[in-house]
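Asker: for reference, the sequence and a predicted model appear below.
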Amino acid sequence: MKILIDEAYCKGCGLCITVCPQHALAPGSRRSQKGYLMPATAEDKCDSCKSCEIICPDFAIVTVKEP
Amino acid sequence: MHPLGEKYLRKSSLPTLFCPGCGDGTILNAMIRAIDKLGGTDHFLFVSGIGCSGWIPVFINADCIHTLHGRAIPVATGLKMAQPGKHVVVFTGDGDCLGIGGNHFIHAARRNLNVTVVMVNNYIYGMTGGQVAPTTPEKIVTKTTPYGNIEAPFDACGLARAAGATFIARHTTALPRLLMNDLVKAVQHSGFSFVEVMTQCPTQAGRAIYGSGEPSVLLNELKGRAVVAKNVELKPGQFRVGTLHQDASRPPYAPIVTAEGTA
């Protein structure tokens, strides 16, 4: 799976980290250009359940199944 | 950006002006998924009141009226009379719906007006700085109740039931899939449909009521208090989630008026 986070929209609230059942997302240490902390991703753990996509208040996260 | 966001949002207004971790964005997310299921924004008209929740439909690329404080439902009444074929959806906050616009709310429910009202309940007046609202629980210290709130809070779903609403649901941003399903049902329902959404407010209610401004802590707190099962006794502080009442037998207001030609 691929986890795409749009840094122009993400506000670093961490709701996606809370709802992820596979622990594919974790608090990160890298900051976006706006100064928000971006979540760290572990793409091998993701099973594209889309819990993060539906909770995201800013439409910033997408999980894509790789062919 | 999410593909549904690309499709249905007004990209010139983005990013949203909600605080990081605000539940209003999750409600917007659930709403555009409901719009996608119901065939696109062409069938919708949005009305919103004042408050943080009033900004939710502004980001949807559809026709929207941002009205005076508390007067979203009167504007929606006129809109439904003029455009009976469209789904009219009202976004309002707890103070806007029950405080300032309380009278309009109960009369729209009494008439069984064919609109959907989504009331975003964050327990506090968030946009103006954290004053006490009609839904603030007792003993809570806010900016305007420095010795604790002495007033009992409103039960919005109970009020809607007593006033005659024919579809009532309570949901929370912690369970967004259930919220999305009931938004679809509420829009499809013929009659006054009322959806109360319990949401987290990390900036104001989080600090005043729960003692934490961390969105994930507040989300888990809401999830812990939401009861989905129907046959379980509620403990203090818990609330029931899901469709609470549905009655399709009462005819809605708009078709009666247009059928007799008095619109």
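Answerer: Noted; the coordinates are in hand. Residues are numbered from 1 along each chain as shown, chains lettered A, B, ... in the order given.

Asker: got the phi and psi for the residue of chain A found nearest chain B?
Answerer: In chain A, the residue found nearest to chain B is A:Pro57; the distance is 2.2 Å by Cβ to the nearest Cβ. C-beta here means a position set from N, CA and C on the backbone, and glycine is covered the same way. Dihedral angles of A:Pro57 (phi, psi; degrees, to the nearest 10) stand at phi -70, psi -10.

Asker: for B:Leu234, same thing?
Answerer: According to degrees, to the nearest 10, B:Leu234 has phi -80, psi 130.

Asker: before we move on, what about B:Thr199?
Answerer: Torsion angles, degrees, to the nearest 10, at B:Thr199: phi -130, psi 160.

Asker: find the nearest non-adjacent residue to it, please.
Answerer: What sits nearest to B:Thr199 in space, not counting adjacent residues and going by Cβ to Cβ, 6 or more residues apart in numbering or on different chains, is B:Gly23, at 3.0 Å.

Asker: low-confidence stretches in the stretch 101-250 of chain B?
Answerer: Counting by pLDDT under 70, the stretch 101-250 of chain B shows no low-confidence range.

Asker: which bits of it sit near chain A?
Answerer: Within the stretch 101-250 of chain B, the positions adjacent to chain A are B:Thr173, B:Pro176, B:Arg177, B:Met180, B:Pro202, B:Glu214, B:Pro215, B:Ser216, B:Leu219, B:Asn220 by Cβ under 8 Å from any Cβ of the partner chain.

Asker: how close does the second one sit to B:Ala34?
Answerer: The gap separating B:Pro176 from B:Ala34 is 11 Å, by Cβ to Cβ, to the nearest Å.

Asker: grab the nearest non-local neighbour of B:Phe192.
Answerer: Among residues not flanking B:Phe192 along the chain, B:Ala165 sits closest, at 4.6 Å (Cβ to Cβ, 6+ apart).

Asker: is B:Arg207 located within a helix, as I assumed?
Answerer: Yes: counting by DSSP: H, G, I helix; E, B strand; the rest coil, B:Arg207 is located in a helix.

Asker: which ones are touching it?
Answerer: With contact set as Cβ atoms under 8 Å, 6 or more residues apart in numbering or on different chains, B:Arg207 has these partners: B:Gly130, B:Gly213.

Asker: do a quick rundown of the strands in chain A.
Answerer: A:2-5, A:25-26, A:40-41, A:61-64 (DSSP state E).

Asker: mind putting those in CSV, mean neighbour count included?
Answerer: Formatted as CSV, the strands of chain A follow (neighbours: other Cβ atoms under 10 Å in any protein chain shown):
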stretch, mean neighbour count
strand A:2-5, 16
strand A:25-26, 18
strand A:40-41, 17
strand A:61-64, 19
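
Asker: output those as JSON lines; include the columns distance to chain B and mean pLDDT.
Answerer: Below are those laid out as JSON lines (distance: least, Cβ to the nearest Cβ, whole Å; pLDDT from 0 to 100):
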{"stretch": "strand A:2-5", "distance to chain B": "9", "mean pLDDT": "89"}
{"stretch": "strand A:25-26", "distance to chain B": "11", "mean pLDDT": "91"}
{"stretch": "strand A:40-41", "distance to chain B": "15", "mean pLDDT": "90"}
{"stretch": "strand A:61-64", "distance to chain B": "5", "mean pLDDT": "90"}
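
Asker: in chain B, where's the longest helix?
Answerer: In chain B, assigned by DSSP state H, the helix with the most residues is helix B:23-37.

Asker: pull out the buried residues from that one.
Answerer: B:23-36 (16 or more other Cβ atoms under 10 Å in any protein chain shown).
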